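K.L.:
Have a look at this prediction, sequence included:
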Amino acid sequence: MRRHRNARIVATLGPSSSDRETILKLALAGVDVFRLNFSHGTHADHAERYNTIRDIEQEIGRPIAILLDLQGPKLRVGTFANGPVTLENGATFRLDLTDAPGTAERARLPHPEIFAALKPGSELLLDDGRLRLEVESCDATSAVTRVIVGGKLSDRKGVNVPGVVLPLSPLTKKDREDLAFGLTLGVDWIALSFVQRPEDIQELKDLVGDKAWVIAKLEKPAAIERLEDIVALTDGVMVARGDLGVEMPPEQVPRIQRSIVRACRSRGIPVIVATQMLESMVTAPVPTRAEASDVATAIYDGADAVMLSAESASGQFPLEAVSIMDRIIVEVEQDPLHRNMMNAQHSEPSCTPADAISAALSQITHTLSLPVMVTYSNSGRTALRVARQRPEAPILCVTPRINTARRLALVWGVHSVVTRDADSVDGMTADATRLARSEGFAKSGDSLVIAAGLPFGTLGATNLLHIATVL
């Protein structure tokens, strides 16, 4: 099950893709990471999908990552007494905590945290930005607004408050229950919605510990303002362009996407570009040319992964969406311009032995035109350091830990194999060359370069570089 590409594919499971046959086809077609979206479905639904994925993982012999995506706070207006209302441009509209059905003049907004953060001049976006209100006056329980962009408003439509840091934890009671359930299952990655500050990531990491790696979903302007601090703390990032495009001008999203990818690559953590990548394939068997270009742009920028949401979860053509995404990635990575861009964007290694070894590994592979590089890693951090360099050859990560292998399924260019830990340099060399040959990365007579740590089994001790010949 070797992938002949470096970038990864994340696919969301849902009503269109929950049976075993479909999940198997998706894995064979190119899915490296399956996303369980806890905004939908029951714990029983997700447990069944989890067990199916693990069964398929055994069948195909390739580690598969499972990503639990927490719902996060959902800010919504209340209901309306007589069905949808129409807000006219220039009209006054009141939002308050009163527990009464709404009218064309007012609506319930059951979120005191929003009122605590508002001030005159603040903007409120309703229904994914379709309606815009400006706050004229406010207190702890209500806000009087002027309708800037009107339209129809119906029950429980979402509310966004751009430019304001809300005094709100990203972890709701439901999220904490979902998190505990997911960790019991054994998921590999946890994605946190509604991230505003580095402290939000720390709150989740304190709960998760070493049971999974954490992804910060960047969808709030406040998070972009603290980008470097968040990237320094998290294990991975998702560019959640849907909500980001609601709270920020659309023309800014491409620039922000690129800056997020660049920040993650510099830090050496995986980054997923997500939302509406092949949106038309929810109902069509082929994407638009613009969508194909959107996927290609993320790959040219060096993103670790691209993600399918509704396309694979509820769309009519989940398998076709994965297949065309796979083909787009392969096509881009074969373009000489792609390699030129990767070479031009190398990050300087830190002044540590592990970073120096990882950079040298990439350089030796290039100089000697080696077909593969091998990393021995318990924690996966060596493979992350090497992937940060976006090397020309694939990275074969040999690890004794299945959890490490699964987590690395999200990382650019890494192919993981679970085997016993090395106990000597000779044993390490024999295993590395044998696996490189059996996994299809090298043939007899080829050379390869190996990075490991001495003493063997020590976490974070990358200090050995060794060139070997495949027998």
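P.N.:
Received it, and whenever you're ready, just let me know what you need.
K.L.:
per-residue pLDDT, the closest residue to Arg390 other than its chain neighbours?
P.N.:
The shortest distance from Arg390 to any non-neighbouring residue, by Cβ to Cβ, 6 or more residues apart in numbering, is to Met342 (4.1 Å). Using the backbone N, CA and C atoms, a C-beta is placed for each residue, glycine as well. Here the pLDDT value assigned to Met342 is 91.
K.L.:
Thought Trp412 was touching Met342, still the case?
P.N.:
No - counting by Cβ atoms under 8 Å, Met342 sits too far from Trp412 to count as a contact (9.6 Å).
K.L.:
was I right about Thr469 contacting Thr433?
P.N.:
Yes - look at Thr469 against Thr433 with Cβ under 8 Å: they come within range, at 7.2 Å.
K.L.:
all helices in the stretch 151-300 of the chain, in order from the N-terminus.
P.N.:
173-185, 198-208, 221-225, 227-233, 241-247, 253-267, 289-300 (DSSP state H, counting those that start in this stretch).
K.L.:
mind listing what the closest residue to Gly158 other than its chain neighbours touches?
P.N.:
Leaving aside its sequence neighbours, Gly158 sits nearest to Arg76 (Cβ to Cβ, 6+ apart; 5.5 Å). For Arg76, the contacting residues are Pro110, Arg156, Lys157, Gly158, Val159, by Cβ atoms under 8 Å, 6 or more residues apart in numbering.
K.L.:
Neighbour count says what about those? Which are buried?
P.N.:
Lys157, Val159 (16 or more other Cβ atoms under 10 Å).
K.L.:
which residues are in contact with both of Met342 and Trp412?
P.N.:
With Cβ under 8 Å, 6+ apart as the test, Met342 and Trp412 both reach Gly302, Arg390.
K.L.:
The two: who's more crowded?
P.N.:
Trp412 (26 against 20; other Cβ atoms under 10 Å).
K.L.:
Which of the three states applies to that one?
P.N.:
State at Trp412, reduced to three classes by DSSP: H, G, I helix; E, B strand; the rest coil: coil.
K.L.:
correct me, but it touches Asp304?
P.N.:
Yes - using Cβ under 8 Å, Trp412 is in contact with Asp304, at 4.3 Å.
K.L.:
Which neighbours do these two have in common?
P.N.:
Common neighbours of Trp412 and Asp304 (Cβ under 8 Å, 6+ apart) are Ala7, Arg8, Pro270, Ala387.
K.L.:
Relative to Glu123, which of the helices of the stretch 151-300 of the chain is closest?
P.N.:
For Glu123, the closest of the helices of the stretch 151-300 of the chain is helix 241-247, at 9.4 Å, according to Cβ to Cβ.
K.L.:
returning to that earlier point: of Thr469 and Thr433, which one has the most company?
P.N.:
For Thr469 versus Thr433, neighbours defined as other Cβ under 10 Å are more numerous around Thr433 (21 against 12).
K.L.:
Distance-wise, check Ser416 relative to Leu95.
P.N.:
From Ser416 across to Leu95, the span is 50 Å (Cβ to Cβ, to the nearest Å).
K.L.:
So between those two, which is more surrounded?
P.N.:
Using other Cβ under 10 Å, the more surrounded residue of Ser416 and Leu95 is Leu95, with 27 against 24.
K.L.:
phi, psi of that one?
P.N.:
phi -120, psi 140 (degrees, to the nearest 10).
K.L.:
Run through the residues that contact it.
P.N.:
By Cβ under 8 Å, 6+ apart, the neighbours of Leu95 are Val77, Arg106, Ala107, Arg108, Leu109, Leu124, Leu133, Ser142, Ala143, Thr145.
K.L.:
For this structure, give me the ranges with low pLDDT.
P.N.:
457, 460 (pLDDT under 70).
K.L.:
To Met373, which of the helices of the stretch 151-300 of the chain lies closest?
P.N.:
Among those, the nearest to Met373 by Cβ to Cβ is helix 253-267 (18.2 Å).
K.L.:
in the closest one, what counts as buried?
P.N.:
Under 16+ other Cβ under 10 Å, the buried positions of helix 253-267 are Val253, Ile256, Gln257, Arg258, Ile260, Val261, Arg262, Ala263, Cys264, Arg265, Arg267.
K.L.:
Please work out which residues outside that helix touch it.
P.N.:
Looking at what lies outside helix 253-267 - Cβ under 8 Å, 6+ apart - the contacts are 218, 224, 227-228, 231-232, 236-237, 239, 241, 244-245, 248, 270-271, 273, 297-298, 301-304, 345, 347, 388, 390.
K.L.:
Just the buried ones among those, please.
P.N.:
Neighbour counting with 16+ other Cβ under 10 Å marks 218, 224, 227, 231, 236-237, 239, 241, 244-245, 248, 270-271, 273, 297-298, 301-304, 388, 390 as buried within the contacts of helix 253-267.
K.L.:
Next, count neighbours for the nearest residue in space to Phe181 that is not next to it in sequence.
P.N.:
Using Cβ to Cβ, 6+ apart and skipping residues adjacent in sequence, the residue nearest Phe181 is His43, 5.3 Å away. Around His43 there are 14 other residues, counting by other Cβ under 10 Å.
K.L.:
check which helix or strand covers the residue nearest to Arg390.
P.N.:
Using DSSP states H and E, Met342 sits within helix 336-344.
K.L.:
Show me which positions of that helix end up buried.
P.N.:
With the criterion 16+ other Cβ under 10 Å, helix 336-344 contains buried residues His338, Met341, Met342.
K.L.:
what residues are up against the first one?
P.N.:
For His338, the set of contacting residues under the criterion of Cβ under 8 Å, 6+ apart consists of Ile299, Tyr300, Val332.
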